[in-house]
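Asks: no sequence on hand, only this structure:
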């Protein structure tokens, strides 16, 4: 496994203990597994340009401990790549493009960087699953290359705001941004307002989402917004990174809004450069639609983001299936332009992928306060030996829990398909941020495999017995005890209706 390190991973930040600890843990993992850790020549060039002589010398001394990537591919020979990566307006842009091109051309397996600009380019180039933040790299490599489960933070629970400690460090930045924050906190404690919270092992809050129902016009913004039943996310804060808790918060908010017949979710936020929260919520259909009508304490403008949950038939005609699932998640397209496939899945993997499934039994470790990290995600991965090659992005996958329940339980929309993957390292590249599999399980799998990347939308309120489901063509009926599992196509899915 070849890992390319960006120079910003070496920068020591005394005010960020978690990041520092993660750098140390990442270094241990990379050394233990004998990964080939490399530095791009352009990174060396970038450091030599630093006018701070002391900092430059320190960085160069750290970098010289790693070999330089030999003869890296040249992006200037690939016009298509440069068009996707964006116009180079500075030396920094050129260096970023050269570093990222090594991933694009498979000269390395992964790039680890804290540079948000590179992460944005990686998304545009569709290689973002191989460009990792430090905390993502720690979680992925620790989970895949270490036997057993990772000890994760205490489980999320619903609580009242009045049970939270206003002096917890998680509130420090909010107090700086909002001078009236403490008064607001005391006010909503008396409402009483509810929240979702999880505590770290040291007793401090690791993640918090405070919410409320609204049924009024939003009139303190430019522009104003008409009266509507909405869920307002008042506070969305995650300090314990790498556990996909932010994605879990999005999933919980959407599900909570739908169960309470709310058609929109909104929040306000002081957007920062390369903002992680904005990156997350826009991935699931939140859009900036305005600003608050008052300037913040630090002279900043507070942005307003709204997500619509439902799409009407006319609006859907201008969007393709992938656009619908992204913009209006968990709504999805169910029509003649997509196919539907039954995807068998063993109970142990069903339980890892779908931790919120109503009939799922919790593990002992969860009762002691641990998360199943893969279950927090909306984006997931499924590995199959199926010979079917007609599955395409936008198609529906209906998961069939085999062995015990023998029921159709859950619906997802395909993001991407990878066929005939015969190498374990290549599988890890594809499923790195979405996997439920350990490295040992991936090594033992019969190759080649098909990898389906999909977004989980929801569980069926009433799981369907496959033997009673008349939507399968008789000639395509699946052998339900087949092992390994193979997806089979549904033709007239009268029992699986459109969500919008």
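Replies: It's in. It should be emphasised that the depicted structure is a prediction, and the values quoted were computed from it without experimental measurement. Numbers count the residues shown, from 1 in each chain.
Asks: domain assignment for this structure?
Replies: 2-145, 157-309, 340-490 (automatic domain parsing).
Asks: for the longest one, measure first residue to last.
Replies: Which is domain 157-309. End-to-end distance of domain 157-309 (Cα to Cα, to the nearest Å): 24 Å.
Asks: if you count neighbours, what's buried in the top strand by length along the chain?
Replies: Taking DSSP state E as the criterion, the chain has its longest strand at strand 449-465. Of the residues in strand 449-465, 449-459, 463-464 count as buried by neighbour count, 16 or more other Cβ atoms under 10 Å. All C-beta atoms are positioned from the backbone trio N, CA, C, and that covers glycine.
Asks: check stretch 207-215 too.
Replies: 207-211, 214.
Asks: pLDDT averaged over it - what is it?
Replies: The average pLDDT for stretch 207-215 rounds to 93.
Asks: ok, stretch 403-415 next?
Replies: For stretch 403-415, the mean per-residue pLDDT is 92.
Asks: mind listing what's buried in that stretch?
Replies: Quick answer for stretch 403-415 (16+ other Cβ under 10 Å): 407-415.
Asks: with stretch 427-434 instead?
Replies: For stretch 427-434, the neighbour count (16+ other Cβ under 10 Å) marks 427-434 as buried.
Asks: any idea of the pLDDT on residue 110?
Replies: 94.
Asks: check contacts around it.
Replies: Going by Cβ atoms under 8 Å, 6 or more residues apart in numbering, residue 110 touches 1-4, 103, 130-132, 137, 429, 432.
Asks: what do you get for residue 377?
Replies: Contacts of residue 377 by Cβ under 8 Å, 6+ apart are 244, 247-248, 433-434, 456.
Asks: at 7 Å instead, please
Replies: Listed by Cβ atoms under 7 Å, 6 or more residues apart in numbering, the contact set of residue 377 reads 244, 247, 434.
Asks: tabulate those in a markdown table, adding columns for secondary structure and distance to residue 323.
Replies: Below are those laid out as a markdown table (DSSP: H, G, I helix; E, B strand; the rest coil; distance: Cβ to Cβ, whole Å):
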| residue | secondary structure | distance to residue 323 |
| --- | --- | --- |
| 244 | coil | 24 |
| 247 | helix | 20 |
| 434 | coil | 21 |
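Asks: picking that back up, just the buried residues of stretch 403-415 now: which is nearest residue 262?
Replies: Distance to residue 262 across those (Cβ to Cβ) is lowest for residue 411, with 20.9 Å.
Asks: before we move on, which element is the closest one in?
Replies: Counting by DSSP states H and E, the element that carries residue 411 is strand 407-421.
Asks: who are the packing partners of that strand?
Replies: Helices and strands touching strand 407-421, by 3 or more Cβ pairs under 7 Å, 6 or more residues apart in numbering; DSSP states H and E, are strand 396-401, helix 424-431, strand 449-465.
Asks: try 6 Å this time
Replies: Judged by 3 or more Cβ pairs under 6 Å, 6 or more residues apart in numbering; DSSP states H and E, strand 407-421 is in contact with strand 396-401, strand 449-465.
Asks: any idea which of those gets closest to residue 296?
Replies: Residue 296 sits nearest to strand 449-465 of all the helices and strands packed on strand 407-421, at 34.0 Å, using Cβ to Cβ.
Asks: which secondary element of this structure has the worst mean pLDDT?
Replies: Using mean pLDDT, DSSP states H and E, strand 488-490 stands out as the lowest-scoring helix or strand of the chain, at a mean of 52.
Asks: low-confidence bits of the chain, can you list those?
Replies: The model of the chain has pLDDT under 70 over residues 10-20, 144-155, 242-243, 360-373, 433, 468-500.
Asks: as a quick check, tell me the outermost residue of it.
Replies: Centroid-distance maximum for the chain: residue 53 at 39.0 Å, with Cα atoms, centre = their mean.
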